[in-house]
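> got a predicted structure here, sequence first:
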Amino acid sequence: MLLGGTVAGRFSSPEEWERLLAQTHFKAVTAPFDCHTPNEEIAAYCAAAQRQGAVIAEAGVWKNLLTPDPKAAEANLSYAKEQLALADAWGIPCCVNIVGTQSEVAWDAADKSNFTPETYEKIVLCIQDIIDSVKPSRAFYCIEPMPWMVPDSPEAYLQLIRDVDREQFGVHMDFVNMINCPRRFLDAEGFIGDCFRTLAPYIKSTHLKDTRMHLTRLTTILEECSPGEGSLNFQRVLAIIDQCLPTNAPVLLEHMQTFEEYEKAYAYVARQAEKAGISI
């Protein structure tokens, strides 16, 4: 697998970004640019990644396509299409977003409408529209699972793939986001194995993080955290990924804010990979 993450730190040019990247051990990174970045600057970022032996694995959308604000929804949908076109043009395999919500609390909030048949139909039509409008040949539009949105299980993701029915619809694997109840937490490695065995043929990128649950406080409290700060057995988790995905599959650390946090997480995962005899 190609272990990496987001390059942390301030930068305002490809040269500054490359200096930051050179300080990491990352072999896969998120795109440091978007569809509004000039092409010559994008080319410089891509060349910098190549010089440092890293692949740009993900282009993020991170917009709410189901927002009840019609103007915002239209703008967000346009951005999603532009980001997928960007990914396809530059050979970035995974263009990732969440499905969105009609909640007015937050763009990624839990809401009772998230699982209605009407919302599901909107999700399917929206994904089809994005892919059909862009017609990508190299990039895949992917959905990151969420604890309180479709898809929230490997079976739900597989059904979404069947219902969308588009070759360029892929999987963004975030198994921690789907560990959303005590049963899954207490048999986490078993659940993670089910995720990869069910969805491996479609996975274009994977997020790597840890999870913890308060074992005696009522009611259930689950929290994501950095690798090594939760309860996951990373030797087993990495073995599952290694067995199910190609050797060049990108696996990205996420949700850390500083270089030091990423460095600590990377070092922990690297030690576990070495103990398990897995190349990163």
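Now that the structure is in, tell me what you want to look at.
> check contacts around residue 41.
Going by C-beta atoms under 8 Å, 6 or more residues apart in numbering, residue 41 touches 13, 14, 33. Bear in mind the C-beta positions are built from the backbone N, C-alpha and C, glycine included.
> what's around the first one, how many residues?
Yep, that's residue 13 we're talking about. Neighbours of residue 13 under the rule other C-beta atoms under 10 Å: 12.
> one step back: now render the contacts of residue 41 as TSV, adding secondary structure, distance to residue 191 and pLDDT.
What follows is those, written out as TSV (DSSP: H, G, I helix; E, B strand; the rest coil; distance: C-beta to C-beta, whole Å; pLDDT from 0 to 100):
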residue	secondary structure	distance to residue 191	pLDDT
13	coil	43	98
14	helix	40	98
33	coil	35	98
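> of all these, which comes closest to residue 254?
Nearest to residue 254 out of the contacts of residue 41 is residue 33 (C-beta to C-beta; 17.9 Å).
> residue contacts, the closest one?
Contact analysis of residue 33 by C-beta under 8 Å, 6+ apart lists 41, 42, 45.
> model confidence score at the last one, please.
So that's residue 45. Each residue has a pLDDT score; the one for residue 45 is 98.
> about what we covered before: export the contacts of residue 33 to a markdown table and append columns for distance to residue 55 and secondary structure.
Shown next, in a markdown table, are these (distance: C-beta to C-beta, whole Å; DSSP: H, G, I helix; E, B strand; the rest coil):
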| residue | distance to residue 55 | secondary structure |
| --- | --- | --- |
| 41 | 18 | helix |
| 42 | 15 | helix |
| 45 | 12 | helix |
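> and those residues, which is closest to residue 25?
Residue 25 has its nearest neighbour among the contacts of residue 33 in residue 45, at 18.8 Å by C-beta to C-beta.
> quick check: closest non-adjacent residue to that closest one.
residue 14 (4.7 Å; C-beta to C-beta, 6 or more residues apart in numbering).
> and the residue with the largest distance to the centre of the chain, which of the three is it?
Farthest-out residue of the chain from its mean C-alpha position, per C-alpha atoms, centre = their mean: residue 216, at 30.8 Å. Per DSSP: H, G, I helix; E, B strand; the rest coil, the local secondary structure of residue 216 is coil.
> which regions of the protein lie under the pLDDT threshold?
Along the chain, no part satisfies pLDDT under 70.
> hey, where'd the helices end up in the stretch 151-280 of the chain?
With DSSP state H, counting those that start in this stretch, the ranges of helices along the stretch 151-280 of the chain come out as 154-164, 175-178, 182-186, 188-199, 234-244, 259-276.
> for those helices, which one sits closest to residue 28?
Judged by C-beta to C-beta, the one of the helices of the stretch 151-280 of the chain that comes nearest to residue 28 is helix 259-276, at 11.6 Å.
> quick one, that closest one and helix 234-244 angle?
Orientation check (axes from the mean of the first three to the mean of the last three C-alpha atoms, to 10 degrees): helix 259-276 against helix 234-244 gives 70 degrees.
> now do the buried residues in helix 259-276.
Neighbour-count burial for helix 259-276, counted by 16 or more other C-beta atoms under 10 Å, picks out 262, 263, 264, 265, 266, 268, 269, 272, 273.
> and for residue 150, the neighbour number?
Here the number of neighbours of residue 150 (other C-beta under 10 Å) works out to 21.
> okay, how far is it across stretch 3-13, tip to tip?
Taking C-alpha to C-alpha, to the nearest Å, stretch 3-13 runs 24 Å from one end to the other.
> do stretch 90-105 as well
The stretch stretch 90-105 measures 35 Å between its terminal residues, going by C-alpha to C-alpha.
> so which bits of it are buried?
Residues 90, 92-103 are the ones in stretch 90-105 that count as buried (16+ other C-beta under 10 Å).
> next: stretch 141-148.
For stretch 141-148, by 16+ other C-beta under 10 Å, it's 141, 142, 143, 144, 145, 146, 148.
> same question, stretch 170-190
Within stretch 170-190, the residues scored as buried using 16+ other C-beta under 10 Å are 170-180, 184-185, 188.
> and stretch 229-247, by the same measure?
Neighbour-count burial for stretch 229-247, with 16+ other C-beta under 10 Å as criterion, is recorded at 229-230, 232, 234-242, 244-245.
> swap in stretch 78-93?
For stretch 78-93, the neighbour count (16+ other C-beta under 10 Å) marks 79-88, 90, 92-93 as buried.
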